[in-house]
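[1] take a look and give me a structure for this.
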Amino acid sequence: MRSTQMAIGLWITVAAVSGCASAVPTTAAAPAPAVDPQLVTRINQARDEVLALFGVNPRATPRSSRSAAKLARLLTLPGAVVDGATARALIQAGLRDPRILPALIADLDAGRASVRHNALQFVGAYIVNSGAGRGRKLPDPTAVVATRDRDALAGHLVRAAADQNLAVRHQALVTMRRVGLSPPCAFGAALDAFWQGADRKLRTEALRLGARLTGCAESLHAAHRSAVLAALGDTDRTLRGEAASWLYRMTPLGVAPSIGPWVARFSTTADRRVKHALAMYLARSGTPQARRALREARRTVSNVATRGVVTLALAAMGEPGIEGALLALLPIEGSVPRDDVIEALGRLKSRRAVTPLMALVMTTGAAAEALADIGDPAAVSSLQAMFFHPMANPHTFEAAAGGLRRLDPDGTVAFLTDLLSHGSARKRRRAAKALSFLKDPRALAALVAQRGHGDAGTRAMVMRALGAMPWRAALPHVLAGLRDHAADVRFWAIDALADLQRAESVPAILGALEDQRPDVRSRACSALGRIKDPAAVRALVATAAVRTGDAEVCQQALSMLGSRADARKVLWGLSSHANPVVRRRSTQGLMRHVTGVEVTTMGTRLHDTDPTTRRWACVALTLRATVRSFGALAAAGVEPCR
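    Okay, here's the model as predicted:
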C-alpha cells in the first residue's frame, strides 16, 4: 500500500480548474494558478517521509513530529494543494486541515480498489477525530464536515456500498456507521441486499448499521427484523451474538402471526445468549403466545441462568404467582444479576419479599429502592437501622435515605434531624450527608443549630447540606462558615457557596483566596468559576494577574478562565503582560482553547523572552494539531512539543 501512496503525485487536476472557471459567468477563462515544480517535489518527499515513519509507529516520536511539521509548513505556502496520499499522511500524523476531506472524497472515484478502500477508512478516521483535539471525541462528528462535502460523501458511500470489491463494500458500511452523515434510511437498498447476502462479515456490519434505523419506511424496518431473526439462527457465533445484542433494543410486534417465528426461534435455539435475548424480547411483546412459550421454558429448561432470565421475563409480563420463583433466585450467586431480581420484586410490590429484602439492605442499594416501591411500613425500621450500622457504606445509606423519604416523608426528616444531635460523630455526619441528598427545606433549622457543634466533621457536613437549602435562608450561615477555625469546614462552606450560585458571595470567596490552606484557596478559585456572574470573572482575572506567587491558586483560576468565552479576551490581554509570570500562566490557560484565527497570535508567543511562555505556546500550537499551527511552529524553527 505504501508503494501506491508514494506513486500518487500531487493532486493537480487541470479539468477541475477549468470546470471551476466555466462556472464563472465571464467569457475569459480564469488563469490556472502557477504551480512551483520544486514545491511539488518537496511536498511529495515530506509526505512520503511522514507515511514511512507513522506507518511503522503510529505514536508520535520526535523524528516523526519534525517530519509532520515540515510537511505542514510546506502546505501553508501559496499554490500548495493536498491530494489523497498527502491527506492520509496528515491524518496519520494527527493533523487537521479543511483540504483533507475533499481530497479523500476525490479518491473515492479512483480506479484502484485499494485507493478507494483507504479513502473510505481515512474518511471515517478524519471525521470522528477532527476538531476535538487528541484523545477526545466530537459530540457530533458531522460538525466538521461542510454541507457540500456532506452531500457528496453521502452519495459516494451509497455507491461504495454497491462496489464490486468486497473489502470496499465492507469498509463503506463501517464508514456509514462511524460518521453518521445521513440517516441510514438512505442506504436501505444496500442494507437489504447485505441482510440477504451470504457474506457473514457484511451481514454483521449491516446489522449494526440497521440498528440505527429510525423513522424509515415500514418495509425497511420489516426487512431488518427478518434479517435479525435469520441471523439468530446462523451458524456463525459472532453474527448470532451481534443479532442478540441488538434484539434488546428492538420494538417487538405484538400481533400473534408476527410473533410466531420469534417464539419458534426461542424454542429451538441452543445458544444461551440468543435464548436470553429472545426471552426479554418476547416479554416486551406481551402476547399470550409468548407467555405460553416462556412458561414452557421455565418448566423444561435445566440451566439455572436461563431459567432465571425466563423467570425475570415472566415477571416483566406480570405473571401471577411468580414471586416465589424470584425469591428463590435471591440466594443463588451468579445465576442472574441480583439487582434485576430485586427490581422485579419491587415492581411486583410483593409483600412476601419484604423480609428477604430487609436482610439485603446492607449489601445493595437496590433493596432499599425495592422496599420503597413495595411501600410496606415495616421496612422503615430496617432502613433507619442502616444509619447505625458501623459497616454501612455511603451508597447504601444514601439509598436508604431515598427509600425512607418515599415511605415516610415527614418521619424521615424528623428522624434525620434528631440523628444530628446523636452522641456519635459518625452518625451525625451520616445524617447531615443524607439531608444534603434529600434537599428538604424543613431540615434547615436543625442544620443551623448544629453549625457551631464541637466536632469539625459534623460542621463540615452541615455546610455541605446547607448548600442544598434555599439560598436566602442558608447564605448567611454558609458565609459564617468561612470564618471557622477548621479548614475542612471552610472548604465545604466555599463548595456550598458555589452550589448556591449567588453573586453576593463573591466578596467572601475573594477573602478565602487569602486562606492559609492551599486546598481552600484552590476551591475558592473553582467556586468563582462556577458562579455565572461577571463579577466572578473579574475576580478570577484579578487572581490570575496579581497572585503571581501562588502557583496553585493561579493555575486553578486560569483553568477556569480558559473554558469560558467571556474571559478569553482577558486572557489574551494578559498573555502580553509585562510580568513574565502572568504571561506564562495566561498562555497556559489558553493552551487547550486556541481557535483557528488565534493561531497566528499564539505563534508570536514562540518568540517571548520567557522560556516557559514559549514552552506553553509550543504546547498550545501542537495540541491545535492543524496544518496551520504546525506551519507556525516550523516557521519559527520550533519542534512540536509533546
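
[2] which is the succeeding secondary structure element to the helix or strand hosting residue 38?
    Secondary structure from DSSP states H and E places residue 38 in helix 37-56. Going down the chain from helix 37-56, the next helix or strand is helix 62-75, by DSSP H and E.

[3] what residues does that following helix touch?
    Helix 62-75 is contacted by residues 39, 42-43, 46-47, 49-50, 53-54, 57, 60, 80, 82, 86, 89-90, 93-95, 97, 99, 626-631, 633-635, 639-640, 642 when judged by Cβ atoms under 8 Å, 6 or more residues apart in numbering. The way it works is simple: take the backbone N, C-alpha and C, and place the C-beta from them, glycine included.

[4] next, the buried residues of that helix.
    64-75 (16 or more other Cβ atoms under 10 Å).

[5] pLDDT of it, averaged?
    Here helix 62-75 scores 73 as its mean pLDDT.

[6] the helix holding residue 38 - what's its average pLDDT?
    76.

[7] for whichever strand or helix holds residue 582, list the C-alpha coordinates in PDB.
    Using DSSP H and E, residue 582 sits within helix 580-589. C-alpha atoms of helix 580-589 as PDB (Å, rounded to 0.1, in the frame of the first residue of the first chain):
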ATOM      1  CA  PRO A 580       6.600  37.100  32.800                       C
ATOM      2  CA  VAL A 581       4.800  35.000  35.400                       C
ATOM      3  CA  VAL A 582       1.400  36.400  34.200                       C
ATOM      4  CA  ARG A 583       2.400  35.900  30.600                       C
ATOM      5  CA  ARG A 584       3.300  32.200  31.100                       C
ATOM      6  CA  ARG A 585       0.200  31.500  33.200                       C
ATOM      7  CA  SER A 586      -2.200  33.200  30.800                       C
ATOM      8  CA  THR A 587      -0.700  31.300  27.900                       C
ATOM      9  CA  GLN A 588      -1.100  28.100  29.800                       C
ATOM     10  CA  GLY A 589      -4.700  29.000  30.500                       C
END
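
[8] packing partners for it?
    Judged by 3 or more Cβ pairs under 8 Å, 6 or more residues apart in numbering; DSSP states H and E, the packing partners of helix 580-589 are helix 534-546, helix 551-562, helix 565-574, helix 611-624.

[9] next, the angle helix 534-546 makes with the shortest one.
    Read it as helix 565-574. 20 degrees (axes from the mean of the first three to the mean of the last three Cα atoms, to 10 degrees).

[10] offset the numbering so it begins at 33, please.
    Done: numbering now begins at 33, and the last item shifts to helix 597-606.

[11] next, the buried residues of helix 597-606.
    599-600, 602-604, 606.

[12] and it, what other elements does it pack with?
    Helix 597-606 sits against helix 566-578, helix 583-594, helix 612-621, with contacts defined as 3+ Cβ pairs under 8 Å, 6+ apart.

[13] which element is residue 254 on?
    Here residue 254, judged by DSSP H and E, is contained in helix 250-264.

[14] ugh, wrong one, residue 141
    Residue 141 is part of no helix or strand, with elements assigned from DSSP H and E.

[15] ok, it to residue 528 distance?
    Plainly put, residue 141 is 62 Å away from residue 528 if you go by Cβ to Cβ, to the nearest Å.

[16] give me the more crowded residue out of the two.
    Using other Cβ atoms under 10 Å as the criterion, residue 141 and residue 528 rank with residue 528 on top: 28 against 12.

[17] what's the closest non-adjacent residue to that one?
    Closest residue in space to residue 528, ignoring its immediate chain neighbours: residue 499 at 3.0 Å, by Cβ to Cβ, 6 or more residues apart in numbering.

[18] contacting residues for the one you found?
    With contact set as Cβ under 8 Å, 6+ apart, residue 499 has these partners: 468, 506, 510, 524, 527-532.

[19] I figured residue 348 hits residue 317, correct?
    No - contact criterion Cβ atoms under 8 Å: residue 348 and residue 317 do not qualify, at 10.8 Å.

[20] quick one: which of the contacts of residue 499 has the most company?
    Greatest neighbour count in the contacts of residue 499, by other Cβ under 10 Å, goes to residue 529: 32 neighbours.

[21] so that residue touches residue 510, yeah?
    Yes - with contact defined as Cβ under 8 Å, residue 529 reaches residue 510; the gap is 5.8 Å.

[22] shared neighbours of the two, anything?
    With Cβ under 8 Å, 6+ apart as the test, residue 529 and residue 510 both reach 499, 537.

[23] make sure residue 112 is indeed in a helix.
    No - the assignment for residue 112 is coil, going by DSSP: H, G, I helix; E, B strand; the rest coil, so no helix is present there.

[24] contacts only, for it.
    Residue 112 neighbours (Cβ under 8 Å, 6+ apart): 71, 75, 106.

[25] can I get these in TSV with distance to residue 276?
    Shown next, in TSV, are the contacts of residue 112 (distance: Cβ to Cβ, whole Å):
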residue	distance to residue 276
71	56
75	50
106	52
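
[26] returning to what we had before: rank the helices and strands packed on helix 597-606 by pLDDT, which is bottom?
    If you rank those by mean pLDDT, helix 583-594 sits at the bottom with a mean of 66.

[27] how far off centre is the host helix or strand of residue 412?
    In this structure, residue 412 sits in helix 411-417 according to DSSP H and E. Counting by Cα atoms, centre = their mean, to the nearest Å, helix 411-417 is centred 38 Å from the centre of its parent chain.

[28] appreciated, that's everything.
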